[in-house]
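>>> What follows is a predicted protein model with its sequence.
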Amino acid sequence: MTEVKFKRLALIGIGLIGSSIARAARKHKLADEIVCAARTADSRRVAKELGIVDMAFESPADAVKGADLVIFCTPVGTYEKLAEQVGSSLEKGAIVTDVGSVKNTVIKAIGPHMPDYVDFIPGHPVAGTEKSGPAAGFAELFINRWCILTPNGQASEPAVERLTAFWTAMGSKVEIMDAEHHDLVLAITSHIPHLIAYNIVGTADDLEDVTQSEVIKYSAGGFRDFTRIAASDPTMWRDVFLHNKDAVLEMLGRFTEDLTALQRAIRRDDGETLFNIFSRTRAIRRQIIDAGQETPEPDFGRVHTSDETPKKS
Ligand SMILES: NC(=O)C1=CN([C@@H]2O[C@H](COP(=O)(O)OP(=O)(O)OC[C@H]3O[C@@H](n4cnc5c(N)ncnc54)[C@H](O)[C@@H]3O)[C@@H](O)[C@H]2O)C=CC1
Ligand SMILES: O=C(O)C(=O)Cc1ccc(O)cc1
């Protein structure tokens, strides 16, 4: 059986994701010792006060010494410099991974600084919230969520198996994927939705004829959901868009074309086109619920008919 327990887990960055890993690893006894590197004295103090790490270092190089599992948990734009700083302090045989929302550029940023005696396996837990910082994390974050690993043939099989066992022990379902494909898939399922949220909330805020207090007062559920996403960390998301530029621009091109088709249907009073598109998208939601990816909402006895036909106006 694959050994899951590590001697020393070093987390570089102890925000939402780093602190959630620390909590889950501690809860499931996945490491004898958990240490972190954090830039600010405040983060180091909070992490220690929360009892989620045994030691907190200012220097990332000090944190990785003696660690057999190292996880980069900072915004992706910081990776290259951090990898350069820790490269020569890594332990022989260590597994080095990350949690970045983008994979292709991460490999280019971290890979060249990794000595050949470590296994570097890029990773991405597709789980999170709009919150940030060490107090925002929780041990259950990864339960029933996918964690994508993109070893791209570079890491040893036992190391990939061990990291898979680590994420599985924290409740995740693990999938191995090509890094480039990961970036394309996540561009449409995560990155563009965040861009849309930032944009719509920004547009509402810029309106001259509608006051900010009206936007807040009359915000319907849909807009409120967008405001949650648009409250996500600006540094993290700036880095995501700058580091997944090609895939995001490709998907944005398609999105814009489809938006134009909707715009045309509204202008032409083409209810049938609108109804057909909205029906197709409703089926996707059903599939997400059926796959156990979302909690079903109460139905309140509403009868959904499949034979509703669009009204011709
Ligand atoms: N927030 C989310 O929902 C998810 C985030 N991710 C990925 O996880 C990573 C971390 O995100 P969060 O934990 O949400 O962010 P966070 O803002 O909660 O924490 C980031 C941590 O990195 C540290 N940090 C920032 N800049 C640094 C630098 N230049 N040098 C050293 N440390 C630095 C911060 O002090 C903090 O401890 C990102 O790469 C993000 O793409 C992945 C899945 C979900
Ligand atoms: O808060 C939300 O709804 C998210 O979508 C969280 C999230 C953010 C970034 C990721 O790479 C993965 C998950």
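Arrived safely, thanks for sending. Quick caveat: nothing in here was measured; it's all calculated off a predicted structure. Ligands and ions are numbered 1, 2, ... in the order given.
>>> Just give the number of residues close to residue 291.
8 (other C-beta atoms under 10 Å). Every C-beta, even on glycine, is put in place using the N, C-alpha and C of the backbone.
>>> ok, and what's touching the helix or strand of the chain with the lowest mean pLDDT?
One helix or strand of the chain scores below all others by mean pLDDT, DSSP states H and E: helix 212-217, with a mean of 84. Residues outside helix 212-217 that contact it (C-beta atoms under 8 Å, 6 or more residues apart in numbering): 204, 205, 207, 223.
>>> Out of the residues you listed, which is nearest to ligand 2?
Closest to ligand 2 out of the contacts of helix 212-217 is residue 223 (15.5 Å), distances taken as C-beta to the nearest ligand atom.
>>> In PDB, could you pull the C-alpha coordinates for whichever helix in the chain runs longest?
Longest helix of the chain, by residue count under DSSP state H: helix 245-267. Coordinates of the C-alpha atoms in helix 245-267 are reproduced here as PDB (Å, rounded to 0.1, in the frame of the first residue of the first chain):
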ATOM      1  CA  LYS A 245      -3.500  34.400 -21.300                       C
ATOM      2  CA  ASP A 246      -3.800  32.200 -24.400                       C
ATOM      3  CA  ALA A 247      -6.500  29.900 -23.200                       C
ATOM      4  CA  VAL A 248      -8.500  32.700 -21.600                       C
ATOM      5  CA  LEU A 249      -8.400  34.800 -24.800                       C
ATOM      6  CA  GLU A 250      -9.400  31.700 -26.900                       C
ATOM      7  CA  MET A 251     -12.400  31.000 -24.700                       C
ATOM      8  CA  LEU A 252     -13.300  34.700 -24.400                       C
ATOM      9  CA  GLY A 253     -13.500  34.900 -28.200                       C
ATOM     10  CA  ARG A 254     -16.000  32.000 -28.300                       C
ATOM     11  CA  PHE A 255     -17.900  33.600 -25.400                       C
ATOM     12  CA  THR A 256     -18.200  36.900 -27.200                       C
ATOM     13  CA  GLU A 257     -19.500  35.200 -30.300                       C
ATOM     14  CA  ASP A 258     -22.200  33.400 -28.300                       C
ATOM     15  CA  LEU A 259     -23.100  36.600 -26.500                       C
ATOM     16  CA  THR A 260     -23.500  38.300 -29.800                       C
ATOM     17  CA  ALA A 261     -25.900  35.500 -30.900                       C
ATOM     18  CA  LEU A 262     -28.000  36.100 -27.800                       C
ATOM     19  CA  GLN A 263     -28.000  39.800 -28.400                       C
ATOM     20  CA  ARG A 264     -29.200  39.300 -32.000                       C
ATOM     21  CA  ALA A 265     -32.000  36.900 -30.800                       C
ATOM     22  CA  ILE A 266     -33.200  39.500 -28.300                       C
ATOM     23  CA  ARG A 267     -33.100  42.300 -31.000                       C
END
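>>> No further questions, thank you.
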